[in-house]
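Novice: Please find the sequence and the predicted model below.
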Amino acid sequence: MRQKLILFFIAAIHVMFAGFALGGNGINMHSGVVYTCSANFYDGGGPNNDYVNNQQDTLTIYPPANLPNSKICITFHKFSTEETTDYLRVYNGNSVAAPLIREMSGGVKYGTIKSSANDGSITLLFHSNNTNIDEGWRASITVDTLPEDITMIASGKWYSSGGRFFDSGGPNNDYENNATNVITTIYPNNPSDKISVIFHDCNLNYGDALTIFNGSTPGVNQIGTITGYDKNFGTITSSAADGSLTFVFSSNASGTAPGWAASIVVNYHPEDITTIANGTFLMDRGRFFDSGGSLADYPDFANTTITTILPKTAGSFISVTFHECNIAFGDYLEVYDAATATGTPIATITSISTGTIHASNSSGGLTFRFVTNASGNAPGWIASITTFNSVEEITLLANQSFVVNCFARFYDSGGVNFNYTDNNNVVTTLIPSGPTDKLNVNFHSFNLSIMALTPMQPC
């Protein structure tokens with residue numbers, strides 16, 4: 001008799017934690033209440049069948065009673081319903097009166113939704129009409145998950161020390177239309193760390209935008225906006241006190257795109273710096289690109305970013321050498337011999353330019369302010385960053401001074417292969433390395449526009 005009672009007690013526990021609508025391999029959508037810490041979760045058709053027409057079910061999922069402070073997480077691996085008319089609503093709490101986290105309908109959705117309710121619960125409402133059916137969904141239920149893949153399937157707050165970051169389409173699919181202010185905040189697991197997000201590829205449709213804020217409050221301390229159909233690359237690092245970054249994504253109804261694939265790391269010092277967002281970087285050696293990276297044009301939209309590069313080694317001075325620079329008409333790159341974009345820039349780079357710019361201020365840093373309009377784009381630039389200030393090729397790229405050690409080549413801002421740019425007004429001073437030395441400049445070729453040589457006469 002005692003053995004039968006023990007078996008009955010074990011069976012009762014199993015039903016309480018696994019729910020009332022078991023599909024053999026997990027939980028199927030139904031009306032009811034489920035307590036679980038781990039299960040597969042499917043639409044009403046289960047893992048092998050489509051859901052049915054005219055379904056209206058409400059399911060509340062709680063963490064088990066022995067984990068009272070846990071939070072339910074649902075990770076969607078696959079999702080497909082009839083667009084608009086069949087939908088799954090996800091509520092942050094134990095009823096449909098709780099705040100709505102997300103209404104899901106139509107094509108691919110990928111990622112994890114986590115409860116922040118006091119009781120850790122999530123309520124789901126599924127509705128299908130009487131016309132068409134579809135495959136439904138396949139998901140996993142866990143508690144207190146720190147997912148390796150964070151996506152913008154729904155607004156949420158996550159803690160991470162490393163992982164991947166995607167749009168709602170995940171690594172293999174486009175994001176969806178009509179996403180409205182989906183907000184994702186990523187905090188470091190260790191409060192003293194700083195989150196860095198490295199965008200390997202970011203491709204958005206016209207009118208869609210990913211806006212980045214430095215910290216945990218959307219709308220405060222904006223450091224970047226990514227949009228346009230051209231690719232974006234680069235690292236964005238938090239400097240907020242809590243080490244977090246917040247992302248706000250919105251898409252319209254005109255079309256989708258592949259979205260983005262990014263890595264999440266902490267305390268990262270990249271070798272490649274781009275103008276994907278405002279940022280300050282410490283380094284002695286590396287590469288500097290526009291937000292299109294080394295292979296793509298920068299995006300075609302109105303934007304302004306500020307990038308400061310400071311030497312990692314105290315007492316050093318940053319030098320940036322532009323090997324290629326091609327900026328579209330109306331766009332420009334300002335360079336400040338300072339740790340901030342204040343005062344008068346020592347250079348304003350437009351069109352095609354080459355050459356080296358080096359810091360002479362007490363911080364040893366240079367600040368770059370890149371301004372683009374929406375009329376066109378270009379390949380941007382490829383530059384190298386060093387703290388070695390002796391150069392063999394000097395160009396009239398910026399207002400600055402160079403110390404010449406024995407020998408150097410001297411060009412206009414177009415360098416050896418290109419014409420100089422229009423509207424250039426630059427002063428460059430050449431100083432011999434020895435206090436008693438005298439410089440000689442031998443011009444092997446010299447060809448200026450007649451308008452540059454002759455002042456305009458009044459009519």
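Specialist: Done, it's in.

Novice: tell me which helix or strand of this protein sits lowest on mean pLDDT?
Specialist: The least trusted helix or strand in the chain, going by mean pLDDT, DSSP states H and E, turns out to be helix 2-18, with a mean of 40.

Novice: for the next helix or strand after it, packing partners?
Specialist: As assigned by DSSP states H and E, the chain's next helix or strand after helix 2-18 is strand 27-28. Under the contact criterion of 3 or more CB pairs under 8 Å, 6 or more residues apart in numbering; DSSP states H and E, strand 27-28 touches strand 38-42. C-betas here are computed from N, CA, C, even on glycine.

Novice: list the helices and strands the following helix or strand past the strand it packs on packs on?
Specialist: The helix or strand immediately downstream of strand 38-42 is strand 56-62, counting by DSSP H and E. Packing partners of strand 56-62 (3+ CB pairs under 8 Å, 6+ apart): strand 32-35, strand 72-80, strand 122-127.

Novice: Dump those into TSV; add mean neighbour count, mean pLDDT and distance to Q400 as well.
Specialist: Putting the helices and strands packed on strand 56-62 into TSV (neighbours: other CB atoms under 10 Å; pLDDT from 0 to 100; distance: least, CB to CB, whole Å) gives the following:
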stretch	mean neighbour count	mean pLDDT	distance to Q400
strand 32-35	18	96	68
strand 72-80	21	95	54
strand 122-127	22	98	60
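
Novice: Now render the ones you listed as TSV, adding distance to Y42.
Specialist: What follows is those, written out as TSV (distance: least, CB to CB, whole Å):
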stretch	distance to Y42
strand 32-35	13
strand 72-80	10
strand 122-127	11
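
Novice: Go through these and name the closest to D208.
Specialist: Minimum separation from D208 across those (CB to CB) falls at strand 72-80, 19.9 Å.

Novice: The helix or strand just after the closest one to strand 122-127, inter-axis angle?
Specialist: Once the chain leaves strand 72-80, the next helix or strand it forms, by DSSP H and E, is strand 87-91. In terms of direction (axes from the mean of the first three to the mean of the last three CA atoms, to 10 degrees), strand 87-91 departs from strand 122-127 by 160 degrees.

Novice: residues in contact with strand 87-91?
Specialist: With CB atoms under 8 Å, 6 or more residues apart in numbering as the test, strand 87-91 has contacts from 74, 79, 81, 96-105, 113, 122-127, 137, 154.

Novice: What lies in contact with the next helix or strand after it?
Specialist: Next helix or strand after strand 87-91 toward the C-terminus (DSSP H and E): strand 100-104. Strand 100-104 has contacts (CB under 8 Å, 6+ apart) with 76, 79, 81, 87-92, 113, 122, 153-156.

Novice: Return the distance of stretch 200-218 from the chain's centre.
Specialist: Mean-position distance between stretch 200-218 and its chain equals 6 Å (CA atoms, centre = their mean, to the nearest Å).

Novice: Any chance you could give me that stretch in PDB, C-alpha atoms only?
Specialist: Extracted in PDB, the C-alpha atoms of stretch 200-218 (Å, rounded to 0.1, in the frame of the first residue of the first chain):
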ATOM      1  CA  HIS A 200      30.100  41.800 -38.400                       C
ATOM      2  CA  ASP A 201      27.300  42.600 -40.900                       C
ATOM      3  CA  CYS A 202      24.300  45.000 -40.600                       C
ATOM      4  CA  ASN A 203      22.000  45.500 -43.500                       C
ATOM      5  CA  LEU A 204      18.700  47.300 -43.000                       C
ATOM      6  CA  ASN A 205      16.000  48.300 -45.400                       C
ATOM      7  CA  TYR A 206      15.300  52.000 -46.200                       C
ATOM      8  CA  GLY A 207      13.200  53.500 -43.400                       C
ATOM      9  CA  ASP A 208      14.100  50.900 -40.800                       C
ATOM     10  CA  ALA A 209      16.500  51.900 -38.000                       C
ATOM     11  CA  LEU A 210      18.500  50.500 -35.100                       C
ATOM     12  CA  THR A 211      19.300  53.200 -32.600                       C
ATOM     13  CA  ILE A 212      21.900  52.700 -29.900                       C
ATOM     14  CA  PHE A 213      22.000  54.400 -26.500                       C
ATOM     15  CA  ASN A 214      25.000  54.400 -24.000                       C
ATOM     16  CA  GLY A 215      23.400  52.900 -20.900                       C
ATOM     17  CA  SER A 216      20.100  51.300 -19.900                       C
ATOM     18  CA  THR A 217      17.700  54.200 -20.600                       C
ATOM     19  CA  PRO A 218      16.200  54.400 -24.200                       C
END
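
Novice: Quick one: residues contacting the residue nearest to D193 when sequence neighbours are not counted.
Specialist: The spatially closest residue to D193, leaving aside those adjacent along the chain, is V266, at 4.1 Å (CB to CB, 6 or more residues apart in numbering). By CB under 8 Å, 6+ apart, the contact set of V266 is S161, G162, P188, N189, N190, D193, K194, I195, S196, G243.

Novice: pLDDT value on V266, please?
Specialist: With respect to pLDDT, V266 scores 96.

Novice: thinking again about what came up before, buried among the contacts of V266? Make that a PyMOL selection.
Specialist: Of the contacts of V266, the buried ones can be selected in PyMOL as follows, counting by 16 or more other CB atoms under 10 Å:
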select buried, resi 188+193+194+195+196+243
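
Novice: What are the structural domain limits within this protein?
Specialist: Following automatic domain parsing, one finds the domains of the chain at 1-145, 148-268, 272-459.

Novice: Mean neighbour count, those: which tops it?
Specialist: Per residue and on average, the most neighbours among these fall to domain 148-268, with a mean of 19 (mean count of other CB atoms under 10 Å).
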